[in-house]
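Student: Kindly return the folded structure for what I paste below:
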Amino acid sequence: MHTNSKLIYEGKAKQIFAINDPNQVLIKFKDDATAFNAAKKAKFKGKGILNCSISTNIFEYLMANGIPTHFIRRDGDSSIIAQKINIIPIEVVLRNTAYGSICKQTNLIPGTKLKKPLIDFYFKNDILNDPLLTRERIKLMEILKDEDLNFIEQLTYKINTILKDFFLNIELDLIDFKLEFGLNKNNEIILGDEFSPDNCRLWDMKTQNVNIKSLDKDRFRNDLGDLIEAYTEINKRIDHFMSSP
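Tutor: Predicted structure coming up:
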């Protein structure tokens, strides 16, 4: 931990600390796991280190492919240094395959491959249980201008294209994921938060057992097996791919 670091925010899975540089923060990944808006909670030793490692590799890969992110560098086992950003209170969810909440809200059968990726917007507000937003509601609430929402949408599609191919290389199917964006000191919209199995669904293309193909937080949500085993497998495959010549 940096000297003079001061806790400025604590979420379900991360702590954010102010450091000497006013334009940067230290983000520490916790061992906590939550589901169903924190109705289900547990701690998993080593989870923070794994999510930090996975997020570091994903952010570095995205930045190498032209995606602007808040990531600056890894700092120790379970922390990163990042640009300080003002988070836009919208969760952006992209789905390649129907699973989870969308199947409860529509007539789509779980596991249905979508003809084209679907983007949903949610209001980032725990008290309101992160409700689904329409473009008109986003305008009504004056959260974002149309052009900024379009920019985020196009960036999300681009991230999906990059990461779908990335994960296919290591025999993982990117089912869906959640992103958060923010404004940096130059008022530029950049990708924030993290990218880990906590906020995406990754299905193992190697396994023949449909009941244990999930290598993400669904393991914890739905009691499907060892969470650390799954996250370790993802981290191992990513490390191997990133270190390959």
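Student: And for residue 6, nearest residue in space, chain neighbours not counted?
Tutor: Nearest non-adjacent residue to residue 6, counting by Cβ to Cβ, 6 or more residues apart in numbering: residue 18, 4.7 Å away. Every residue, glycine included, has its C-beta placed from N, CA and C.
Student: Now do the helix ranked longest in the chain: distance to the chain's middle.
Tutor: With secondary structure taken from DSSP state H, the chain has its longest helix at helix 146-168. Distance of helix 146-168 from its chain centroid, counting by Cα atoms, centre = their mean, to the nearest Å, is 13 Å.
Student: on contacts alone, who are the packing partners of it?
Tutor: For helix 146-168, the packing partners by 3 or more Cβ pairs under 8 Å, 6 or more residues apart in numbering; DSSP states H and E come out as helix 47-64, strand 86-97, strand 113-123, helix 135-140, strand 172-183, strand 189-191.
Student: contacting residues around residue 214?
Tutor: Residues counted as contacts of residue 214 (Cβ atoms under 8 Å, 6 or more residues apart in numbering) are 201-204, 222, 224, 230.
Student: please redo it, this time with the cut-off set to 7 Å
Tutor: Going by Cβ atoms under 7 Å, 6 or more residues apart in numbering, residue 214 touches 203, 224.
Student: and the gap between it and residue 230?
Tutor: Here residue 214 is placed at a distance of 7 Å from residue 230 (Cβ to Cβ, to the nearest Å).
Student: same thing with residue 137?
Tutor: In terms of Cβ to Cβ, residue 137 sits 35 Å off from residue 230.
Student: of those two, who's got more company?
Tutor: residue 230 (23 against 13; other Cβ atoms under 10 Å).
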